[in-house]
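>>> Next one to model:
(chains A and B)
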Amino acid sequence: MDLILTAIWNALSLWTLLSVAGGVLIGIVIGAIPGLNAPMAIAVAIPLTFAMSPLSAIGMLVGVMKGGGFGGAVGAILLNTPGEPHSAATTLDGHPLAKSGKPRKALQTALYSSVVGDSCSDLVLILLAPVLAIYALKAGPVELAAILILSLTLVASLSGRSLAKGIFAAALGALLATVGLDLETGNPRFAFGYIELYDGLPLAAVAIGVLAVPEIILRLQDGRQAKTARPDATSDGEDRLALSEFKRLGKPIFRGAGIGTAIGALPGLGTTLAAFLSYAATQRFSKQPEKLGTGALEGIAATESANSAVSGANLIPLLTLGIPGNLTAALLVGAFLIHGVTPGPMIFERNAELVYGLFAAMIMANVMVLLIGSLGLRVFALIVKVPPHVVYPSVLLLCVVGIYVSQGGFFAVWLMLIFAVLGFVMIKMEISVVCFIIGLVLGPMIELSIRQSVILLGRNPVAIFDHVFALCLVVATPIVAWILIRDRARLSDG
Amino acid sequence: MHFMKHLIAGAAALVMATPAFAEFPDKSVTLVVGFRAGGGSDAAARILAAEMETQLGQKIIVENKGGGGGAVATQYIRSQPADGYTIGFAVATTFAFTPLTGRVDFTADDVDFIATTHGYRTVYAAPKEAPFDDWAGMIATAKDRGWINYASIIPLDRAIMQYIGKKEDIAVNIVPTRGGAGARQAVLGGHVDLGFSGSNALPMMEDGALKVIAALNPEGIAEHAQIPTLGGLGYDVAASEAAVFFGPKGMDPAARDRLEAALAEAVKSETFRDFVNNKFRGFETFRSGADTAASIAADTQAYEGLMAVIAE
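Coordinates of the predicted model:
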């Protein structure tokens, strides 16, 4: 206990505070720029930390990670440009609300939900990391496959009006996710000779292409038809989140925090699944499910609390097992390595001072995100007041530059433009772009875990009975699907 | 007219002669790292780039072009001018093994090597609750049960395990995993009997979280002499992995030599040596461009033999 207190006391130095604050600022700014995202922000910040003490360095990177999370929401809400696939979930309600003249309210909801979600999962990390890590390890390929299949059923409820079109979009996403080297044979699939495609389609390029670019073009078209297509931002009084409104968001926020923490602690599932699952759950339990997708605060709260909660919990497998849960965490492992910290089961003994310092830095970063984010709200919200013929071409330019820098040159930019055409067609045909993204992100995870399971059980099929938890989930899947379909039918009748 | 011709010829000669007069480098050099930002390979490249800056007196701009185990960066470097201002960072197997898979249209002969800066160590890791403690025990378990589950990361480790399966006449269920993290998760969770791993398995072994039963790199693990190498176990295979700096084919020799000399100094720096030995846990080794080419040619031959055995 003495050691922990000393570590926390040491962490509270002005220097650490400044590095964390600097990290948060870098994260928010880079995360908010269309085409860039939190992993990019970390990659940029790592060289900056070379000369720092390990604690300041890691504190700064944690700041970048958390700031980047909120920054991503800013881009998603104001400009419909998700930097990472999980922000696509935030665009669902965030962007409609911002368009209707309440950008600040949308951002405030995102900020507060994100900080609450993050703090909850940090708390779980600090209190339970070693215990949770042992349980998380028990989830092998068979369990992950079962979890993913059940999740896919749950998010199917996001398919919009037509279930068939939603399934089609998800299948198309999953099909495109097979691009790249085959896991087992190493043979290229649908790569057409492009080495750039061997590691799969660059996700951010596809997400921005499908979601943001068509939106930008449609906005510009609107702008030409009617000069006043964009509503003037309403007066400050209306564009503000009231305390009573925030209190009503308690359920979606804590549900999101729970889902995010659970998924973050299991390596290999990731932020996108958490964000969409939380959204789907909120839709299922909402009193006004029809409002979701039109700018409901619940929707923003659900996704932002869930994806922020993943980032804290993700550090559980990272610190205790050295297993990063997503790209951002993978970059942190690299940074740990540079600063001489080896993640592993003994980290709490070997690097105790640093680990508890890191915990203190995480809490500090949450406070900083809240402070800097609140100060930034006013500035960010001003973007909406810029005339569309200025803001949208600039955003398009930023998307091109951002994708060029972060995703590998002109090849990725061309891909983004090709997927923009696909996105445009999908919007016109009312096919859910979100289902497409989910298919694209979950496709490779499902493929990997199912193929691993088949290989593992191939010689020893009886071993399936060692996986009781997975079996239960598999049995539950059709039941859940049936309940969801029944609900849909009822909803459309009523 | 005559005068103009002379003038143009003179100007052209002057332009062409300039590189010979100006000391390389007279502007910034771009280093294209064949791995994504943040990993151990990228970290080493960035530390070396910082040391090279001091040596060369010019800025080194680090760019990451990950993908295909260094293949994407190699392809890119081949399209760049061979003036020494754009160079690449990949690993030995990018040139010695990847071309054998038939998936890329370059070979080791299509680039010029500048230097090898450090070596990687790779091992076979088993869960701590595995029913065996050493290699012989693993083989016995496999024969006894009829199969073992093995977590593979890259095509080379897969090929080597197929070779071992053939030699020992055991059935190896090769489970593909995504990256080092996926394989480690499978090993730590006890979902497989054995997995391929980089040197990050060493601290985990020292902590008692897993067992390391053999090393794939021919040099072995100096600080743990009890871990045998594949060669020591009687197999005629190894995974020789090392960090390689290279440039486009037909690089300006003066520039290439200058870069090689700068790297020879850079690897001596305390920061870099500390990183390689204590953080990355690879090993110190430096090879000139010519030696790198020779060692990659030898590796290629060895891997061709390996592939031939598997294909039998």
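>>> For the stretch 101-250 of chain B, what lies in contact range of chain A?
Contacts of the stretch 101-250 of chain B with chain A, taken as Cβ under 8 Å from any Cβ of the partner chain, map to B:101, B:103-104, B:146-147, B:149, B:155, B:158, B:171, B:173-179, B:181-182, B:184-186, B:188-192, B:200, B:203-204, B:207-209. Yep, even glycine has a C-beta here, placed from its N, CA and C like the rest.
>>> Okay, and which of these map to helices?
B:155, B:158, B:179, B:181, B:182, B:184, B:185, B:186, B:188, B:203, B:204 (DSSP state H).
>>> which one of those is nearest residue A:397?
residue B:179 (33.8 Å; Cβ to Cβ).
>>> from memory the closest one sits against residue B:151, does it?
No: taking Cβ atoms under 8 Å as the definition, residue B:179 is not a contact partner of residue B:151, at 11.0 Å.
>>> More neighbours: which of the two?
Ranked by neighbour count (other Cβ atoms under 10 Å in any protein chain shown), residue B:179 and residue B:151 place residue B:151 first, with 27 against 14.
>>> Return the members of the residues of the stretch 101-250 of chain B next to chain A classed as buried.
Buried residues within these, counting neighbours by 16 or more other Cβ atoms under 10 Å in any protein chain shown: B:101, B:103-104, B:147, B:149, B:155, B:158, B:173-177, B:181-182, B:184-186, B:188-192, B:200, B:203-204, B:207, B:209.
>>> Work out the gap between stretch A:263-279 and the centre of the chain.
Centroid separation for stretch A:263-279 versus its chain: 8 Å, with Cα atoms, centre = their mean, to the nearest Å.
>>> Need the distance between the two termini of it.
End-to-end distance for stretch A:263-279, by Cα to Cα, to the nearest Å: 14 Å.
>>> May I have stretch B:200-207 exported as PDB, CA atoms only?
Backbone C-alpha positions of stretch B:200-207 (Å, rounded to 0.1, in the frame of the first residue of the first chain) are rendered in PDB as follows:
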ATOM      1  CA  ASN B 200       9.500 -11.200 -25.900                       C
ATOM      2  CA  ALA B 201       8.900 -14.800 -24.700                       C
ATOM      3  CA  LEU B 202      12.100 -14.600 -22.800                       C
ATOM      4  CA  PRO B 203      11.000 -12.300 -20.000                       C
ATOM      5  CA  MET B 204       7.800 -14.200 -19.800                       C
ATOM      6  CA  MET B 205       9.800 -17.400 -19.400                       C
ATOM      7  CA  GLU B 206      11.900 -15.800 -16.700                       C
ATOM      8  CA  ASP B 207       8.700 -14.800 -14.900                       C
END
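>>> Need the residues that contact it.
Under the contact criterion Cβ atoms under 8 Å, 6 or more residues apart in numbering or on different chains, stretch B:200-207 has outside partners A:322, A:342, A:344-346, A:350, B:40, B:121, B:123, B:125, B:180, B:184, B:187-188, B:210-212, B:221, B:224, B:281.
>>> give me that answer again for 7 Å
A:322, A:342, A:344-346, B:123, B:125, B:180, B:210-212, B:221, B:281 (Cβ atoms under 7 Å, 6 or more residues apart in numbering or on different chains).
>>> do you know how far the closest residue to residue A:38 other than its chain neighbours is from chain B?
Distance criterion Cβ to Cβ, 6 or more residues apart in numbering or on different chains; nearest residue to residue A:38, sequence neighbours excluded, is residue A:68 at 2.9 Å. Distance, residue A:68 to chain B, by Cβ to the nearest Cβ, to the nearest Å: 14 Å.
>>> same thing with residue A:275?
When distance is defined by Cβ to the nearest Cβ, residue A:275 is 21 Å away from chain B.
>>> wait, what's in contact with that residue?
Contacts for residue A:275 were tallied using Cβ under 7 Å, 6+ apart; they are A:86, A:89, A:303, A:306, A:307.
>>> quick revisit: tell me the secondary structure at the residue nearest to residue A:38.
Three-state call for residue A:68 (DSSP: H, G, I helix; E, B strand; the rest coil): helix.
>>> and if you look at residue A:170?
In three-state terms, and counting by three-state DSSP, residue A:170 is helix.
>>> Is residue B:125 within a helix or a strand, and which one?
According to DSSP states H and E, residue B:125 maps onto strand B:123-127.
>>> So for residue A:155, what's the pLDDT?
Residue A:155 carries a pLDDT score of 77 in this model.
>>> my guess is residue A:344 is in a helix, correct?
No: Residue A:344: not assigned to a helix; according to three-state DSSP it is coil.
>>> Surely it touches residue B:209?
Yes: the criterion here is Cβ atoms under 7 Å, and residue A:344 meets it with residue B:209 at 6.2 Å.
>>> check contacts around the residue nearest to residue A:177 when sequence neighbours are not counted.
Excluding its sequence neighbours, the residue lying closest to residue A:177 (Cβ to Cβ, 6+ apart) is residue A:443, at 3.3 Å. Shown in contact with residue A:443 (Cβ under 7 Å, 6+ apart): A:173, A:174, A:177, A:178.
>>> List buried residues within these.
Buried by 16+ other Cβ under 10 Å: A:173, A:174, A:177, out of the contacts of residue A:443.
>>> Can I get these in CSV including secondary structure and pLDDT?
Putting the buried ones among the contacts of residue A:443 into CSV (DSSP: H, G, I helix; E, B strand; the rest coil; pLDDT from 0 to 100) gives the following:
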residue, secondary structure, pLDDT
A:173, helix, 90
A:174, helix, 90
A:177, coil, 89
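>>> Of those, which is the nearest to residue A:53?
Minimum distance to residue A:53 across the buried ones among the contacts of residue A:443 is 41.3 Å, recorded for residue A:177 (Cβ to Cβ).
>>> And the helices in the stretch 351-494 of chain A?
Remark: helices assigned in the stretch 351-494 of chain A by DSSP state H, counting those that start in this stretch are A:352-381, A:388-407, A:409-428, A:433-458, A:468-493.
>>> Next: chain B.
Going by DSSP H, chain B shows helices at B:2-21, B:40-56, B:71-78, B:92-96, B:135-145, B:155-168, B:179-188, B:201-206, B:253-266, B:270-274, B:289-311.
>>> Show me what the second one packs onto, helices and strands only.
To tie it back to what came earlier, the one meant is helix B:40-56. helix A:327-338, strand B:29-33, strand B:60-64, helix B:253-266, helix B:270-274 (3 or more Cβ pairs under 7 Å, 6 or more residues apart in numbering or on different chains; DSSP states H and E).
>>> where does the chain have low pLDDT?
Picking chain A for this. For chain A, the stretches flagged by pLDDT under 70 are A:1-2, A:223-237, A:325, A:408, A:491-494.
>>> wrong chain, I was asking about chain B
Scanning chain B for pLDDT under 70 picks out B:1-22, B:38.
>>> May I have the beta-bridge partners of the residue nearest the centre of it?
Central residue of chain B (Cα atoms, centre = their mean): residue B:91, 2.4 Å from the mean position. For residue B:91, the beta-bridge partners under DSSP bridges are residue B:243.
>>> residue contacts, it?
B:70, B:241, B:242, B:243, B:244 are the contacts of residue B:91 under Cβ under 7 Å, 6+ apart.
>>> repeat for residue A:8
Counted by Cβ under 7 Å, 6+ apart, residue A:8 has contacts A:356, A:360.
>>> List the residues that contact the closest residue to residue B:177 other than its chain neighbours.
Nearest residue to residue B:177 in three dimensions, chain neighbours excluded: residue B:183, at 4.4 Å (Cβ to Cβ, 6+ apart). By Cβ under 7 Å, 6+ apart, residue B:183 lies in contact with B:151, B:153, B:177, B:195, B:196, B:197.
>>> which one of those is nearest chain A?
Closest to chain A out of these is residue B:177 (7.4 Å), distances taken as Cβ to the nearest Cβ.
>>> Would you mind confirming that the closest one is in contact with residue B:153?
Yes: between residue B:177 and residue B:153 there is a contact under Cβ under 7 Å: 6.1 Å.
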